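> structure here, sequence nowhere to be found:
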């Protein structure tokens, strides 16, 4: 299978290839050996600074540790919503819940600022 061609077909669309978990009764797109090769490639890209290339691979393979690292990177860049998305997909509940709490507090503060003063 030509993985480079597969990824290039979707390059302009900003999309990723979705894999399904075996529990759904459908066969996954990749076997375990293929996932290992792709995840290693994602790690190489991440370590070389190509975070978006690594993200695409990790989303495709469902590599939780890689997705969490991408989330950590986004969080360090102040991209909390992007980080939340990666943590949610990973799933890393501890890290996603921390961002959800921050966003909830922000929304509550905004709501209280817009309330008219009580007479």
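All right, it came through fine. It should be emphasised that the depicted structure is a prediction, and the values quoted were computed from it without experimental measurement. Numbers count the residues shown, from 1 in each chain.
> okay, and the most centrally placed residue in the chain sits in which element?
Nearest residue to the geometric centre of the chain (CA atoms, centre = their mean): residue 86, 2.6 Å. Under the criterion of DSSP states H and E, residue 86 resides in helix 80-89.
> what is the burial count for residue 52?
By other CB atoms under 10 Å, the residues close to residue 52 number 11. All C-beta spots, glycine's among them, are computed from the backbone N, C-alpha and C.
> that should have said residue 110, apologies.
Residue 110 has 9 nearby residues by other CB under 10 Å.
> the longest helix along the chain packs against which elements?
In the chain, assigned by DSSP state H, the helix with the most residues is helix 93-114. For helix 93-114, the packing partners by 3 or more CB pairs under 8 Å, 6 or more residues apart in numbering; DSSP states H and E come out as helix 64-76, helix 80-89.
> for residue 30, phi and psi?
phi -120, psi 150 (degrees, to the nearest 10).
> quick one: pLDDT of it?
Residue 30 is assigned a predicted lDDT (pLDDT) of 77.
> do the same with the one 5 residues further on
Here the pLDDT value assigned to residue 35 is 93.
> residue 72 too?
The model's pLDDT for residue 72 equals 98.
> check contacts around it.
83, 95 (CB atoms under 8 Å, 6 or more residues apart in numbering).
> what about the nearest residue to residue 55 once chain neighbours are set aside, how many residues close to it?
Counting by CB to CB, 6 or more residues apart in numbering, residue 70 is the residue found nearest to residue 55 once chain neighbours are left out, at 4.9 Å. Look at residue 70: counted by other CB under 10 Å, it has 27 neighbours.
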